[in-house]
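K.L.:
Got a predicted structure here, sequence first:
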Amino acid sequence: MKFFRNMSKIEQIHWRKGAIFGFYTYMFLLFINYTYSSLSGTEPIPTNVIFWSGMLAAFGYEFILNLKSKLKVKKLNE
């Protein structure tokens, strides 16, 4: 029994791009957090905000890429 359908090649490519974007979001926010905490001694960004912003960036970017792809295909079919 399958709960999810298989991803198409385009969806796999979009997920990889989203995961990379989310990773770079994590790295950027961690860099800001570490630099600020090294200079001032306090962390400006809580760790749960860093975690959820990276997740949102990855899934959001993938969603936007998939939506643009579907709209492009739909426009070509008209």
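P.N.:
Cool, the structure landed.
K.L.:
In space, not sequence, find me the middle residue of this protein.
P.N.:
For the chain, residue 58 is the residue whose C-alpha lies nearest the centre (C-alpha atoms, centre = their mean; 1.1 Å).
K.L.:
now it, nearest residue through space, not along the chain?
P.N.:
Computed as C-beta to C-beta, 6 or more residues apart in numbering, the closest residue to residue 58 that is not its neighbour in sequence is residue 22, at 2.7 Å. Every residue, glycine included, has its C-beta placed from N, CA and C.
K.L.:
you'd agree that neighbour is up against residue 50?
P.N.:
No. When contacts are counted by C-beta atoms under 8 Å, residue 22 is not listed as touching residue 50 (11.2 Å).
K.L.:
Find the residue ranges of the protein scoring beneath the pLDDT cut-off.
P.N.:
Applying pLDDT under 70 to the chain flags no residue at all.
K.L.:
Which parts of it are helices?
P.N.:
9-40, 47-77 (DSSP state H).
K.L.:
Quick one: distance of the first one to the chain centre.
P.N.:
Read it as helix 9-40. Averaging C-alpha positions (C-alpha atoms, centre = their mean, to the nearest Å) puts helix 9-40 8 Å from its chain's average.
K.L.:
tell me the angle that helix makes with helix 47-77.
P.N.:
150 degrees (axes from the mean of the first three to the mean of the last three C-alpha atoms, to 10 degrees).
K.L.:
which other helices and strands contact helix 9-40?
P.N.:
helix 47-77 (3 or more C-beta pairs under 8 Å, 6 or more residues apart in numbering; DSSP states H and E).
K.L.:
Tell me which residues of the helix it packs on come out buried.
P.N.:
50, 53-54, 57-58, 61-62, 65-66 (16 or more other C-beta atoms under 10 Å).
K.L.:
Can you spell out which helices and strands pack onto it?
P.N.:
Short answer (3+ C-beta pairs under 8 Å, 6+ apart): helix 47-77 packs on helix 9-40.
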